[in-house]
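Participant: No letters, just coordinates:
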Ligand SMILES: [Zn+2]
């Protein structure tokens, strides 16, 4: 039952907030296409900031005793590379089929949002500090997830109706991922490695997807300023919370 879990209702609220941010991003993308570069730039900075300044130190703290600093950082690198390989493979699979590419893109983002929810759920298993760090990482880029789901779906199908359907699926995915995390129980050392893996995922998402996307659409100084502000904001948050 939700009520029996120590963070049960909080997790439901986080899942709903993640879904709401995704929906907001998607609707903004449907309304004001091409004018959300500052939001994308900022969320790129925030996601990279969380991966480097919040998740990686947490993963080192949790996992150093069992696998050492190099073991933890190897897992961060493995997460980065795993995300890269899966992402590129999907791109190659859908090549040439523009209609499929729309579904593949939006579908892989929905799978990604499921992982976002799973990360939050597993994070809270490690403790509230890790749980909140992962919540920040997810909420900071959910708007961008919604924007990207709509844009990818529209490039493929050209149908706002199809795009809205994918947006709904993507918005529901984090809550489902949080629910699924209840079925997985990792030992403390394993949790450190799971957080390291997610740090690698978020590093890739921030540096390889959000950052170039925000900049190639609007190569302006303000986009860059927004990214720097995103990283600085996370540094301040981590500092204030005693990290
Ligand atoms: Zn996401």
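Facilitator: Noted; the coordinates are in hand. The model shown is predicted, which means the values in this text are computed figures rather than measured ones. Numbers count the residues shown, from 1 in each chain.
Participant: mind checking pLDDT for the most centrally placed residue in the chain?
Facilitator: Nearest to the mean C-alpha position of the chain, by CA atoms, centre = their mean, lies residue 138 at 4.6 Å. On pLDDT, residue 138 comes in at 88.
Participant: what element comes up after the one helix or strand it maps to heading to the C-terminus?
Facilitator: Here residue 138, judged by DSSP states H and E, is contained in helix 128-157. Counting by DSSP H and E, the element after helix 128-157 in chain order, helix or strand, is helix 160-181.
Participant: Contacts for that next one next, please.
Facilitator: Residues outside helix 160-181 that contact it (CB atoms under 8 Å, 6 or more residues apart in numbering): 11-12, 14-16, 18-20, 22-23, 26-27, 30, 102-103, 106-107, 109-111, 113-122, 125, 138, 142, 145-146, 149-150, 153-154, 157. For glycine as for every other residue, the C-beta is placed from the backbone atoms N, C-alpha and C.
Participant: Those residues in helices, which ones?
Facilitator: Members of the contacts of helix 160-181 lying in helices (criterion: DSSP state H): 11-12, 14-16, 18-20, 22-23, 26-27, 30, 102-103, 106-107, 109-111, 113-122, 125, 138, 142, 145-146, 149-150, 153-154, 157.
Participant: coming back round to it: of the contacts of helix 160-181, select the buried ones using a ChimeraX command.
Facilitator: Applying 16 or more other CB atoms under 10 Å to the contacts of helix 160-181, the buried members can be selected in ChimeraX as follows:
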select :11,14,15,18,19,22,23,26,30,102,103,106,107,109,110,113,114,115,116,117,118,119,120,121,122,125,138,142,145,146,149,150,153,154,157
